[in-house]
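**Student:** Task: produce atomic coordinates for the following.
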Amino acid sequence: MNNIDIFSVFGKIVLALGGAGAIIVAVSGFIAKLWAKWFMEKQKNKYQKEREREKHEIYC
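**Tutor:** The predicted structure follows:
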């Protein structure tokens, strides 16, 4: 093997790892967005129920 072949193989390995890294970042970002949306809905529902309970206590 000469130096050109070694650099070519090394470049392909780096490119493959970079592509895999980009995919991992995209998927983890997507999952994080879904999780955050789920968590915010859960908190919103919790506070909405609490607010309705307090309104009921005030007016009844």
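**Student:** mind checking how far the residue nearest the centre of the chain is from residue 25?
**Tutor:** Closest residue to the average C-alpha location of the chain: residue 32 at 2.3 Å, with C-alpha atoms, centre = their mean. Per C-beta to C-beta, to the nearest Å, residue 32 is found 10 Å from residue 25. Every residue, glycine included, has its C-beta placed from N, CA and C.
**Student:** swap in residue 14?
**Tutor:** From residue 14 to residue 25 the distance is 16 Å (C-beta to C-beta).
**Student:** and if you look at residue 59?
**Tutor:** 51 Å.
**Student:** Same drill for those two, tell me which one is more crowded.
**Tutor:** A count of neighbours by other C-beta atoms under 10 Å puts residue 25 above the other of residue 59 and residue 25, at 10 against 6.
**Student:** Please give me every residue in contact with the more buried one.
**Tutor:** Contacts for residue 25 (C-beta atoms under 8 Å, 6 or more residues apart in numbering) come out as none.
**Student:** just so I have it, where are all the helices in this protein?
**Tutor:** With DSSP state H, the ranges of helices along the chain come out as 3-59.
**Student:** Where does pLDDT dip in it?
**Tutor:** Applying pLDDT under 70 to the chain picks out residues 1-3.
**Student:** now with 90?
**Tutor:** 1-22, 57-60 (pLDDT under 90).
**Student:** Tell me the buried residues in stretch 17-28?
**Tutor:** Buried residues in stretch 17-28, counted by 16 or more other C-beta atoms under 10 Å: none are found.
**Student:** Let's see that stretch as CSV, backbone CA atoms only.
**Tutor:** What follows is stretch 17-28, C-alpha atoms only, in CSV (Å, rounded to 0.1, in the frame of the first residue of the first chain):
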residue,chain,number,x,y,z
LEU,A,17,-18.1,8.2,11.0
GLY,A,18,-19.2,11.7,10.3
GLY,A,19,-22.3,10.5,8.4
ALA,A,20,-23.2,8.2,11.3
GLY,A,21,-22.7,11.0,13.7
ALA,A,22,-25.0,13.3,11.8
ILE,A,23,-27.7,10.6,11.7
ILE,A,24,-27.3,10.1,15.5
VAL,A,25,-27.6,13.8,16.2
ALA,A,26,-30.7,14.2,14.0
VAL,A,27,-32.5,11.2,15.6
SER,A,28,-31.6,12.3,19.1
